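Asks: Mind looking at a prediction? Sequence and model below.
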Amino acid sequence: MTTLEEATKIILARVGTTGCERVPLLDAQGRILAEDLTAPYDLPGWDTSAMDGFTVRSCDCHAGVNLPVRSFIPAGTTAPAPLEASTAGRIMTGAPIPPGADAVVPFEEAQEDGDTVSFPAAVRKGSHIRFQGSEIAGGATILRRGTLIGAHQVSLLASCSKAVVPVYRKPRVAILCTGDELVELGTAPGTGQVVNSNAFALAAAVREAGAVPEILGIARDTRDQHLALLTQGLGADLLITSAGVCGGDRDLVRGALSDLGVEPLFWIVAIRPGGPSACGIKGNTPVFSLPGTPSATMIAFELLVRPTLLKMLGHRTLFRRRFPATLNVPMRNRPGALGVEAVQARFVAGRLVIEKARTRGGHNAPFTPNALVLLAQERSDFAPGDQVETLFLDPSLAMEE
Ligand SMILES: Nc1nc2c(c(=O)[nH]1)N[C@H]1C(S)=C(S)[C@@H](COP(=O)(O)OP(=O)(O)OC[C@H]3O[C@@H](n4cnc5c(N)ncnc54)[C@H](O)[C@@H]3O)O[C@H]1N2
Ligand code: MOO
């Protein structure tokens, strides 16, 4: 049996990014920059007023002196006329400072009197001017390869007029669910039948990780169907199969993958649920064979597949942060494997508390897990008040009301 840490180490050592592509700026959001980028020009591009007010030569401004206001410089002015000595110009935020001027005084610090203006306080040279290149010098590195592009990065890239951005390509992830008991979404299952929910659950999880799912349909329990659909799946950047791994009479997946030349990397991970997970690789395509039980499928995806996908997408942070939390409910784990439970976690008086756990193996309704609790593999009983490690799936749901 392979520990979770060993399993992730083994697969992460075998995968890299999936190549890079140039995409329109907004399509780069949520993705990872694939090259260092430099500023094509200074920002600001010229000395700019930071306030609505008056632009002056600071040496002209003395208490009690009224300066005639001779010019108006709105934002969008491209070539402001030089400011004559001993005059002021009315200037708007974002407008270029006229040649000769060296300060801006905001309206609220000026006294207007007809067509003249005076300044009760001393005017400091350079005040309220954003100087050319003071934020970013042309040619300077603005973002480094490996940066996650969020709204702030989009703001910077747009200011530098980057309409097209190099990012790591999204892996295409083939999803193949196996089993004679499966029926398609939208049909009511009869006795012995189960809706193929894993295909959609996995596709959603793949999308949440930032990759592109491709549902291949259902492989019935014949070798030929397995071989045909697995061959198709091996053409993707990553292949996930669901069910048929546990050595039952019809569990065909691992045998078919071996026949197709997939190199096995590990089989059975010391986690529960999700233990009967296998991983292999063919060429650059990792193959994860996850157990069919829906809650086990999701936990195995979260702990094994997601970090792999994040590495392929170019992320540096591959694992979710872990937080200590206090149990409010008892929990049990069968020693020998890391116990993993989907839970509802909440902040109570500033402390993270685990309020509700899902029963093993199934869906409990209504139940919205926002975290996974990790139960140490050498212990069996966990009581209210015990500290456990928690891994957030959705921190926003943990906020106190
Ligand atoms: N003799 C043993 N039997 C089992 C063991 C074991 O160690 N020895 N382990 C159990 C555990 S733990 C798990 S998890 C499952 C894993 O089984 P498989 O991955 O081979 O999957 P199946 O047996 O085909 O299905 C399990 C369960 O999941 C449902 N299922 C399957 N596919 C889907 C799907 N696409 N969408 C929704 N639900 C699905 C299926 O109907 C079964 O109920 O093995 C235990 N057995
Ligand atoms: O691994 Mo099974 O995954 O415990 O339900």
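Replies: Received, thanks. Residues are numbered from 1 along each chain as shown. Ligands and ions are numbered 1, 2, ... in the order given.

Asks: pLDDT below threshold where in the stretch 101-250 of the chain?
Replies: Residues of the stretch 101-250 of the chain meeting the criterion pLDDT under 70: 248-250.

Asks: How about the residues of it by ligand 1?
Replies: Where the stretch 101-250 of the chain comes near ligand 1, counting by C-beta under 6 Å from any ligand atom, the residues are 177, 179, 181-182, 194, 196-199, 242-246, 248. Heads up, the C-betas are built off the backbone N, CA and C, glycines and all.

Asks: Doesn't Ile11 lie inside a strand?
Replies: No. Looking at Ile11 with DSSP: H, G, I helix; E, B strand; the rest coil, it is helix, so not inside a strand.

Asks: which residues does it contact?
Replies: By C-beta atoms under 8 Å, 6 or more residues apart in numbering, the contact set of Ile11 is 265-266, 279, 281, 286, 304, 308.

Asks: do that again at 7 Å, thanks
Replies: By C-beta atoms under 7 Å, 6 or more residues apart in numbering, the contact list for Ile11 reads 265, 279, 286, 308.

Asks: okay, the residue nearest to Cys279 when sequence neighbours are not counted: pLDDT?
Replies: Once flanking residues are discounted, Cys279 sits nearest to Leu265: 4.7 Å by C-beta to C-beta, 6 or more residues apart in numbering. Note on Leu265: pLDDT of 97.

Asks: Next, Leu265: phi, psi?
Replies: phi -110, psi -40 (degrees, to the nearest 10).

Asks: Use 784 as the first number for this chain going forward.
Replies: Sure, I'll start numbering at 784, so the last one becomes Leu1048.

Asks: Whichever residue of the stretch 884-1033 of the chain sits closest to ligand 2 in helix, strand or coil?
Replies: Shortest the stretch 884-1033 of the chain-to-ligand 2 distance, computed as C-beta to the nearest ligand atom: residue-wise this is Cys1029, at 8.2 Å. For Cys1029, the secondary-structure state derived from three-state DSSP is coil.

Asks: Tell me how many other residues surround the residue nearest to Cys1062.
Replies: 18 (other C-beta atoms under 10 Å).

Asks: For the residue of the stretch 884-1033 of the chain closest to ligand 2, which non-adjacent residue is spatially closest?
Replies: Pro1059 (4.9 Å).

Asks: so how far is Gly1063 from the residue nearest to Cys1062?
Replies: 5 Å (C-beta to C-beta, to the nearest Å).

Asks: Same question for Pro882.
Replies: 70 Å.

Asks: Tell me which of these two has more neighbours.
Replies: Higher neighbour count among Pro882 and Gly1063: Gly1063, with 23 against 11, using other C-beta under 10 Å.

Asks: what pairs with the more buried one across the strands?
Replies: Counting by DSSP bridges, Gly1063 is bridged to Pro1047, Val1070.

Asks: for it, what are its contacts?
Replies: Contacts of Gly1063 (C-beta under 7 Å, 6+ apart): 1040, 1045-1048, 1070.

Asks: Looking at those residues, point me to the pair that's furthest apart.
Replies: Leu1040 and Leu1048 (11.2 Å; C-beta to C-beta).

Asks: hey, where'd the helices end up in the protein?
Replies: Using DSSP state H, the helices of the chain run over 787-795, 934-942, 980-992, 1006-1016, 1036-1042, 1077-1083, 1089-1095.

Asks: give me phi/psi at Pro827?
Replies: Torsion angles, degrees, to the nearest 10, at Pro827: phi -60, psi 160.

Asks: okay, now Gly1122: neighbour count?
Replies: 23.

Asks: ugh, typo on my part, it should be Met784
Replies: 13.

Asks: Leu1093 now?
Replies: 19.

Asks: And the residue nearest to it when sequence neighbours are not counted, how far from Gly1058?
Replies: Using C-beta to C-beta, 6+ apart and skipping the chain neighbours, the partner closest in space to Leu1093 is Leu1101 (4.8 Å). Leu1101 is 21 Å from Gly1058, where distance means C-beta to C-beta.

Asks: and if you look at Ile1023?
Replies: 17 Å.

Asks: which residues does Ile958 bridge with?
Replies: Applying DSSP bridges, one finds that Ile958 bridges with Ile998, Ile1023.

Asks: Could you tell me how many residues sit around it?
Replies: Ile958: 25 neighbours (other C-beta under 10 Å).

Asks: just Glu788 next, same as before
Replies: Residues near Glu788, counting by other C-beta under 10 Å: 11.

Asks: can you tell me which residues contact the residue nearest to Phe1106 when sequence neighbours are not counted?
Replies: Leaving aside its chain neighbours, Phe1106 sits nearest to Thr1173 (5.0 Å; criterion: C-beta to C-beta, 6+ apart). Thr1173 sits next to 1105-1106, 1108, 1128, 1135, 1137, 1154, 1156 when contact means C-beta under 7 Å, 6+ apart.
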